[in-house]
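Asker: give me a model of this one.
(chains A and B)
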Amino acid sequence: MNAFNPDRRRFLKLGAGITGASLVLGVNWSCTADAPDADSASPDGFMPNAWLRIDTQGFVTVIVAESEMGQGPYTALPMMVAEELEVEWRQVGVEHASLAPVYGRQVTGGSTSVSKAWTILRQAGAIARTMLLQAAAEGWQVPLDECRAERGKVVHPGSGREQSYGQLTAVAASLPMPDSVQLKRPSDYRIIGTPVPRLDSPQKINGSARFGIDTRLPGMRYATITHCPVFGGKAKNIDASRALDINGVLDVFSIEQGVVVVAKDTWTAFKGRAALDIEWESGDTQTLSNRSILDDLQKLKVEEGSAAAVWVGEPESALDGAALESRYSLPFQAHVPLEPINCTASFEAGKLRIWAPTQAPTRAYDAAQEVVQSKLTQAANKLKRKLFDAEDTSIEINTTLLGGGFGRRLKQDYVTEVAQIAERVDGPVQLIWTREEDLQHDFYHPLTLHEMRGALDSRGRPLAWHHTIKGTGARLGGADALPYDIPHIRVDLIDLDTPVPVGPWRSVQHHYNAFAVEHFFDELARAGGQDPLQLRLQMMSQAPRLRKTLEVAAEKAGWDYDSGLFGAAAHAGFGSYASEVVHLRPEGTRLKIAKVTCVVDCGIVVNPDIARAQLEGAIIFGLSAALKSSIEVEGGSVRQSNFHNYPILTMAETPPMEIVFIDSRESPGGIGEPGVPPLAPALANALMAASGRPVRELPLDFDHSGIRVA
Amino acid sequence: MPMKLTINKTAHQIEAAPDTPLLWVLRDELALTGTKYGCGIGVCGSCTVLVDGKPVRSCVTPISRLEGRRITTIEGVSEDNSHPVQRAWETLQVPQCGYCQSGQILTAIALLETDADPSDEAIDQAMSGVICRCGTYPRIRQAIKLAASSGRGEGEQT
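Answerer: Below is the predicted model of the structure:
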């Protein structure tokens, strides 16, 4: 066992008042693996720290401060506590944390839920276990080291006595927190590393799971919003008369972001929105299009004398003369979580309560506070007095289940909107965007252009590399630390600010940069007459974990470069290492994907079944972007409006896949995003093996009969 | 004049206008929130319910067409997650975010009613209209096969 001195600040017992808040207000979601109902648990019990509570029946509720959007923190994090606490999985439930400071900044993103929690939640469980052991040992008057914790009980083998955790809660609650605790050795794990069932799945197969959109409050109104279709525009004239004539439409008003319709139900609000007659003031963004942005990006040059983002060796002299050049463009993409953007709020007696399907409760709080503060300031200025006693004004954020996030719900625009709407509406109100608003007012994955130059040595291996990333909100990650032994490297980043809102999208910059890096590597390998996979393996001396995933992927996939049907890509990111091999199968004049093989080293795998599901999902997410979807801006607005023209992959289009984890004792890395980046380049590399030509842009020419090779 | 709808074997008096899509009556009037809004134009399948056993997109089906019909929502599938399709979904841990799963499960139930042993092609045909952004398709396919085999008395081993 390893001794750990817990950082005491992270284990503060919640004060009485805060505990009350957590029990009464913060409990907006909880579920259990089995029959016990967490809500009926006795309020008596043992809460050794902010992360768990044990009731007098021995039922353990783990407090999770990461948002559940399908990626599994409501299961993986309780597993860490259960492991150290020595309880059976059926004794464990989960509850979302309140916004108490002890939980730190609550922002779920970057595939970090498991790695952030890895030490602290195991310690939290070990602290509780240690206190329960002390409680039993003191009661029995036996030495602590003669007692054992197992399966929700403390046992004393010498005398055959045992007490359940439930029986020990009262005594344990009176003990001080131990100064140090012992964490279990990985070889002793009984829960971590096993495919225990998700705590949220029973609710998700019978319709009882409550997503943000399912929030129902007494007297609640329903609101929807229409934003100016052209980015940056504003409503100039609003004729709401037809909307207000609809039976059930209660109000129409403008807020900064758009025009709001409030109604007795969602359908009536949508009808009211459709009946609005709005004259928009579009400004000068009406000429903006994908074409105009690409033209602008092409014209941009690295400023003379400015420092490159990455400069290794002597790239300019090495590239001089004999450079191979290539260029790729990747389009804007939308997130389209299946749960449309929504948020519920009530603003009563100076208290703003919000129910948000958000990846970032902390940012939701900030967004709501900004609305409240600006109202207070305006009101104070206007009336020369305070309308509210600032100390009475409070904001409550209730984090619900999320019907998908993929980065979209890191942005809190909908919280800002609902807070403004709640100020205008008597009683609770739910804001729901139509799917059309979601597609046309997303924070898109940026459009990027990648200009590549490379040179080979006399043996046909990459000698020099120059990657210029140009994009609308582009970043360097995934392009700056190449896993290959290339002596001369230069990477430049040129960013263009446009009115198209951009934001993080599953795997963020790793998606486009991995495409450029891994596809261009294959172009260089082909130019040098090399098998690109073998060449990668030869040049990955500094990337042993990534190399291993590629080696295993090649073996599992039955790599055969000469067949012209295989492509591979490898990429490290989010603390993990992933390689994918795409195997094509000709069908008529087209190509279909016969199989995707995915091998990942993400360190210790906390729940292998959830991790596997994340990779299945990542491959499908990557395929949607590579084969089917793109966002096109034209006339300053987005052309796509719903799933008919922003299609995502269907079941029939989903290829067989094989997923393998590298056995590892390293601390856990991320798992939600690492499966996305290698997919598109592996597919492009397979297509280049088949056709001899690189893929210049995504998405590919694809329909039900397969991929058309140009 | 209020309409009468039979939902999950219970008769309901409905206040909403006859042109209101069933989806919003379920969600906003009856608080049966298991049926989900995804697209509003009948292309994503999240809002699927069964009408006389057949899958129907509730977001584009006005209630005026449903009087006298038998409507089943996810809440009416079983009392205790015991329907073979739900059991298969739990065994294979299909849901990720879970938002589309009501539509997936009801579509799968309707498929198995008409084809007790569906081929891969039949599963593709029946299920490809219900999209999942998390990418649970491989497990949905397996779960339908598992439910089919349990329906044939072959147990739940795969």
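Asker: briefly note if stretch B:55-72 comes near chain A.
Answerer: No - Stretch B:55-72 lies out of reach of chain A by Cβ under 8 Å from any Cβ of the partner chain, never closer than 9.5 Å. All C-beta spots, glycine's among them, are computed from the backbone N, C-alpha and C.
Asker: flag every buried residue along that stretch.
Answerer: Along stretch B:55-72, these residues count as buried under the neighbour rule (16 or more other Cβ atoms under 10 Å in any protein chain shown): B:55, B:56, B:57, B:58, B:59, B:61, B:63, B:66, B:71, B:72.
Asker: and residue A:262, helix, strand or coil?
Answerer: strand (DSSP: H, G, I helix; E, B strand; the rest coil).
Asker: of the buried residues of stretch B:55-72, closest to chain A?
Answerer: Proximity of those to chain A (Cβ to the nearest Cβ) peaks at residue B:59, which lies at 9.5 Å.
Asker: might you report the residue contacts of the nearest residue to residue A:242 once chain neighbours are set aside?
Answerer: Computed as Cβ to Cβ, 6 or more residues apart in numbering or on different chains, the closest residue to residue A:242 that is not its neighbour in sequence is residue A:275, at 4.2 Å. Residue A:275 makes contact with A:242, A:243, A:245, A:246 under the criterion Cβ atoms under 8 Å, 6 or more residues apart in numbering or on different chains.
Asker: out of those residues, who has the most neighbours?
Answerer: Ranked by neighbour count (other Cβ atoms under 10 Å in any protein chain shown), these have residue A:243 at the top, with 23 neighbours.
Asker: doesn't it lie inside a strand?
Answerer: No - going by three-state DSSP, the assignment for residue A:243 is helix, not a strand.
Asker: hang on, isn't it packed against residue A:273?
Answerer: Yes - at 7.4 Å, residue A:243 and residue A:273 qualify as touching, with contact defined as Cβ atoms under 8 Å.
Asker: any residues in contact with both of those two?
Answerer: residue A:261.
Asker: returning to that earlier point: widest-spaced pair of the buried residues of stretch B:55-72?
Answerer: Farthest apart among those by Cβ to Cβ are B:55 and B:63. That separation is 17.3 Å.
Asker: how about the contacts made by whichever residue of chain B sits closest to chain A?
Answerer: Chain B approaches chain A most closely through residue B:34 (2.0 Å), counting by Cβ to the nearest Cβ. Residues counted as contacts of residue B:34 (Cβ under 8 Å, 6+ apart) are A:206, A:207, A:208, B:73, B:74, B:75, B:102.
Asker: closest to residue A:172 out of those residues?
Answerer: Nearest to residue A:172 among these, with distances taken as Cβ to Cβ, is residue A:208, at 33.1 Å.
Asker: contact partners for the closest one?
Answerer: By Cβ under 8 Å, 6+ apart, the contact list for residue A:208 reads B:34, B:75.
Asker: residue A:109 now?
Answerer: Residue A:109 touches A:359, A:360, A:407, A:410, A:504, counting by Cβ under 8 Å, 6+ apart.
Asker: so what's the residue lying closest to the residue of chain B closest to chain A once chain neighbours are set aside scoring on pLDDT?
Answerer: Excluding the flanking residues, the one nearest residue B:34 by Cβ to Cβ, 6+ apart is residue A:207, at 2.0 Å. The score at residue A:207 is 98. That number is its pLDDT.
Asker: and what about the residue most central in space within chain B, helix, strand or coil?
Answerer: With distances taken as Cα atoms, centre = their mean, the residue of chain B nearest its centroid is residue B:106 (2.3 Å). Judged by three-state DSSP, the three-state class of residue B:106 is helix.
Asker: just the helices in chain B please.
Answerer: Assigned by DSSP state H, chain B shows helices spanning B:22-24, B:84-91, B:101-114, B:120-127, B:137-151.
Asker: need the winner for burial among those helices.
Answerer: helix B:22-24 (a mean of 26; mean count of other Cβ atoms under 10 Å in any protein chain shown).
Asker: can you tell if that one touches chain A?
Answerer: Yes - using Cβ under 8 Å from any Cβ, we find that helix B:22-24 touches chain A at B:23, B:24.
Asker: for that helix, packing partners?
Answerer: Applying 3 or more Cβ pairs under 8 Å, 6 or more residues apart in numbering or on different chains; DSSP states H and E, one finds that helix B:22-24 contacts helix A:266-274.
Asker: beyond the helix it packs on, next helix or strand please.
Answerer: Per DSSP states H and E, the first helix or strand lying C-terminal to helix A:266-274 is strand A:277-281.
Asker: understood, closing this out.
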